[in-house]
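S.K.: have a look; sequence and predicted model below, questions after that.
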Amino acid sequence: MPPDSQTRLTSSLLEQIDKIRKELGEKFPVSSQLRVKIIRTPMFLSVPGGINTVLLPAQGMAQIVYFLRLSGIDIDQDDLNIKIHFDNRFGNEKEIVEEKIFYDSGRIINYVRGEEDPHLQSVLEKCERKTGLSGYDIVMFSIPEDIKNMTAVMFALAFSRYVKGRYGPVIAAGGFHFSVYPFLRDHNCCIDYIAEGPGELAAQKIILAVENNLDMQTVFKYHYNAPERFIKKCSYIWPIIPSFDGLPIDKYGYKNNRSIEDAPAEINNLIYDFNESGILILPFRLMNGCSGSCIFCSEPGSGIPLEIMDIDDSVSALKAVKEKHNPAGIFFLDNTINISKKYINKLCDKILGAGLNVLWTACARPDNLDRDTLLKMRAAGCIRLIYGMETASPRILEYIDKKVKVEQIEQTIKWTDEAGIWTGVEIICGFPHEKWEDVELTADFLKRNQKHINMFYCNILDIRDSSRLFLNPAGYGIKNIQRAFFEGQEEFSNLKMICYGYDEINGRAWEEIVRHSVKAYKYLKSTVSNPAAAFPPNEDTHFLFYLYTRYKTKPEIVKYFYETSGVIGNDIYRNHGVWGEIKGFG
C-alpha cells in the first residue's frame, strides 16, 4: 500500500499525525530535513548448523518507518542482523564478523567506558561497512528483545561508541525488553536517548526535537527522565502497517547448502529443494492489544484497549505486500487471531474473496472456533495455529481467568488437526498455588491428545510488569514481588528468563516455588517429547511453510517433517547436545 493511498487506514494515521502536530505546536514543521537512519542491531546465538537468526524483518521497525515517512520524515532503514548472519553463513572470509566477542560483556563494557580495543574496533568497522552511516544526523538502533541473550545489547553499546566517535550523530535506541533498561542506563555512554515501549511517536518526537533544537522535557513532558535520558512508554499509534522498503528482502528468503551424508535419496532431494526454495515469510499485525484477560499477561493490565485494523484495510494491505514482495507466507504476530467467531470468519471470507493465495500462521484461543470455521481457515491459507492452553487444570484455568474449559481445548485441538492445520499448544507451569496434581492433569491431557498435537511449547511463569498479577498481587494470593536472579545457578538454568520472584500468602516461599517450577517443567517436557525440529529453531517455521507449499495433505506433511527430523536431528542436534531422544507423536 503506497504512503499516499487514500484509504481509511492512511486517513486514520494522518489524523493522528495532525493531532501530534497540534500538541507540539505550530512553531516548527512536522517534516524534517535531517538525514535519519534506523538499524536493526544483530543478536548472536549458539545454535549449531543453521543461519542462526530469525529470518523475518523486524515488524516494529518497519511500522516506525511507515509512520515517519507518512509524517513527512525521510528515513532510511537497514537490518544489520540479517546482513551479518547471511554473510557469516554464505560470504567470503573478508565479510565474516566475529560473533564470540559480543559474548564478552566485560570487554564490551571496558570499550564503552573508553578503553582502546583495536581488534573490537576493527570488528565494528567491518559491521559498519555493511550498512554505511556517514552523513547521517540521527542514527536509531532497534535492539532485538531477548532477556536471555544480551549479545544484541552488547553490540548496540559497542557500536554506539564506534559510530559516535567516527561520525558524531545523535543516537537513540529502543525495542529491548524492559528488564534490559537498568543495564543500558548503568553502562551507556554514547546512546543519547533510550526509549521504552512503542517506537513510532518516540522516534518522531526525537527527530523533531533535534531538528528544531527543542528541550526533550518540553516535547515529552512526564514521559521523559532527563538525568537518565530515558523516554518512558509513549502512546501507541494504531492502526499501522509495516513498510519493508529499503530492507535487504532477498536475504530473508530461505537459502542453505545443507546435505546429509547417508540420508535416503528422497530426503536429500527434499533438503536440496528446500535449500534452493528462497521461501520468504513476512510478519504482519492485525490488531494491537489482546482480547483475553489472563492475569499473567501484560496486555490486559496495561490499560491499552484492543484495537483492530479494519478487515478490508487489513486484506488490502496484505494484498499490497503480496504483490510487492511475493511472500509464500505471512506470520501473524497477534496474541489471538480469533478474537471472535464473527471476526475470524469475516477475515477468511475477505482473504478468499481477494484471491490472496498466501499461507499464514497465527496464535489462537481454543474457543471462538468450530469445525466449519477451522476448515474455512485452512482454505484461506492457515497452516499452523498455536493455542495458548496454559494448563489442563480446571482450578488453575479459573485462577488465571482464562475463560475456557478443558473440554473446549480438547475438542478444538481435534478439529484443528482434522482440518489439516499444524497444531501447537503452549503450556505454562509454575503458577502461584499450583499443586502437583495440577501438573499431572496437564501431563495426562498431553498424553491423551498427543495424536492431534504436532508441537508443544513449555514455559515457566514469568510475571510481567503491567499484568494484573503484578499490579494486584494480594488479590491473587501472592506477596513480596522482587527481582529474581539465577545467574551461575546451573540447576535453575530454565529460570534465567524469569524477572520476578514472589511468595504465596499463607503458602510457599519463593525458594520452594522455584523447586516446584523446575520439577514441573522437566516432568512435562519428558512426558510427551516433541519430534526434533528438522532444522534449527529459526529455520523450522520456513520448513513447515515449504512442506505446505509442496504437499497437499497433512499426513504427507507430518510424514516428511518427522522423517527429515530423524535424519537431520541425529546429524546436527544430538551431536551437539541440543536435543534429546527424538520421539514422534502418534
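M.R.: Alright, I've got the coordinates. Only a predicted model underlies this, so the values are computations on that prediction, with no experimental measurement involved. Numbering: from 1, shown residues only.
S.K.: who's in contact with the residue nearest to Ala62 when sequence neighbours are not counted?
M.R.: Spatial nearest neighbour of Ala62, excluding adjacent residues (C-beta to C-beta, 6 or more residues apart in numbering): Pro242 at 3.3 Å. In this view, the C-beta of every residue, glycine as well, is placed from N, C-alpha and C. Residues counted as contacts of Pro242 (C-beta atoms under 8 Å, 6 or more residues apart in numbering) are Pro57, Gln59, Ala62, Gln63, Val65, Tyr66, Leu282, Pro283, Phe284, Arg285.
S.K.: surely Pro242 is in a strand?
M.R.: No: read with DSSP: H, G, I helix; E, B strand; the rest coil, Pro242 is coil and lies in no strand.
S.K.: how about it, phi and psi?
M.R.: Backbone torsions of Pro242, given as degrees, to the nearest 10, read phi -90, psi 150.
S.K.: how about the one 4 residues further on?
M.R.: Dihedral pair for Gly246: phi 100, psi -10, per degrees, to the nearest 10.
S.K.: just give me the neighbour total for it.
M.R.: For Gly246, the neighbour count with other C-beta atoms under 10 Å is 16.
S.K.: right, and it touches Asp74 too?
M.R.: No: if you go by C-beta atoms under 8 Å, Gly246 and Asp74 don't touch, sitting 11.0 Å apart.
S.K.: so how far is Leu34 from Asn213?
M.R.: 12 Å (C-beta to C-beta, to the nearest Å).
S.K.: show me where the stretch 201-350 of the chain has helices.
M.R.: Secondary structure of the stretch 201-350 of the chain (DSSP state H, counting those that start in this stretch): helices at 216-220, 265-275, 298-301, 311-325, 341-353.
S.K.: among these, which is nearest Leu385?
M.R.: Judged by C-beta to C-beta, the one of the helices of the stretch 201-350 of the chain that comes nearest to Leu385 is helix 341-353, at 10.6 Å.
S.K.: quick one, the helix or strand following the closest one and helix 341-353 angle?
M.R.: Reading on from helix 341-353 to the C-terminus, the next helix or strand found by DSSP states H and E is strand 359-364. Orientation check (axes from the mean of the first three to the mean of the last three C-alpha atoms, to 10 degrees): strand 359-364 against helix 341-353 gives 170 degrees.
S.K.: how about strand 359-364, which residues are buried there?
M.R.: Leu359, Trp360, Thr361, Ala362, Cys363, Ala364 (16 or more other C-beta atoms under 10 Å).
S.K.: could you do stretch 274-284 as well?
M.R.: Phe274, Ser277, Ile279, Leu280, Ile281, Leu282, Pro283, Phe284.
S.K.: pretty sure the second one contacts Tyr254?
M.R.: This means Ser277. Yes: with contacts defined as C-beta under 8 Å, Ser277 counts as touching Tyr254 at a distance of 5.6 Å.
S.K.: what do the two both touch?
M.R.: Common neighbours of Ser277 and Tyr254 (C-beta under 8 Å, 6+ apart) are Tyr546.
S.K.: show me this protein divided up by domain.
M.R.: Taking automatic domain parsing as the domain assignment, the record places the domains of the chain at 24-231, 285-528.
S.K.: for the ones you listed, give me JSON lines that also has mean pLDDT and distance to His542.
M.R.: Converted to JSON lines, the domains of the chain look like this (pLDDT from 0 to 100; distance: least, C-beta to C-beta, whole Å):
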{"stretch": "domain 24-231", "mean pLDDT": "88", "distance to His542": "6"}
{"stretch": "domain 285-528", "mean pLDDT": "91", "distance to His542": "8"}
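S.K.: so which of these comes closest to Glu261?
M.R.: domain 24-231 (13.7 Å).
S.K.: can you give me the strands for the stretch 301-450 of the chain?
M.R.: Using DSSP state E, counting those that start in this stretch, the strands of the stretch 301-450 of the chain run over residues 307-308, 329-332, 359-364, 382-390, 422-429.
S.K.: paired strands for the third one, with orientation please.
M.R.: Yep, that's strand 359-364 we're talking about. Partners of strand 359-364 in the sheet, by DSSP bridges, are strand 329-332 (parallel), strand 382-390 (parallel).
S.K.: redo those as JSON lines? Include distance to Asp465 and mean neighbour count.
M.R.: Below are the strands paired with strand 359-364 laid out as JSON lines (distance: least, C-beta to C-beta, whole Å; neighbours: other C-beta atoms under 10 Å):
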{"stretch": "strand 329-332", "distance to Asp465": "25", "mean neighbour count": "22"}
{"stretch": "strand 382-390", "distance to Asp465": "19", "mean neighbour count": "24"}
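S.K.: now those strands in JSON lines, with distance to Glu407?
M.R.: Below are these laid out as JSON lines (distance: least, C-beta to C-beta, whole Å):
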{"stretch": "strand 329-332", "distance to Glu407": "27"}
{"stretch": "strand 382-390", "distance to Glu407": "12"}
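S.K.: run the chain-centre distance for stretch 411-418.
M.R.: 26 Å (C-alpha atoms, centre = their mean, to the nearest Å).
S.K.: ah, wrong one, I meant stretch 363-375
M.R.: 23 Å.
S.K.: can you pull the buried residues of that stretch?
M.R.: Of the residues in stretch 363-375, Cys363, Ala364, Arg365, Pro366, Asp367, Asn368, Leu369, Thr373, Leu374, Leu375 count as buried by neighbour count, 16+ other C-beta under 10 Å.
S.K.: for stretch 556-568, same thing?
M.R.: Buried-residue list, stretch 556-568, by 16+ other C-beta under 10 Å: Ile557, Val558, Tyr560, Phe561, Tyr562, Glu563, Thr564, Ser565, Gly566, Val567, Ile568.
S.K.: what residues are up against the nearest residue to Ser340 once chain neighbours are set aside?
M.R.: Nearest non-adjacent residue to Ser340, counting by C-beta to C-beta, 6+ apart: Asn368, 5.6 Å away. By C-beta under 8 Å, 6+ apart, Asn368 lies in contact with Asn338, Ile339, Ser340, Lys341, Ile344.
S.K.: export those to CSV and tack on distance to Arg550?
M.R.: CSV is the format used below for those (distance: C-beta to C-beta, whole Å):
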residue, distance to Arg550
Asn338, 27
Ile339, 32
Ser340, 34
Lys341, 31
Ile344, 27
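S.K.: before we move on, the earlier item: quick check: the two most widely separated of the buried residues of stretch 274-284?
M.R.: Phe274 and Phe284 (23.4 Å).
S.K.: report pLDDT for Lys19.
M.R.: The model reports Lys19 with a pLDDT of 75.
S.K.: run through the residues that contact it.
M.R.: Lys19 touches nothing, counting by C-beta under 8 Å, 6+ apart.
S.K.: please identify which helix or strand holds it.
M.R.: Using DSSP H and E, Lys19 falls in helix 8-24.
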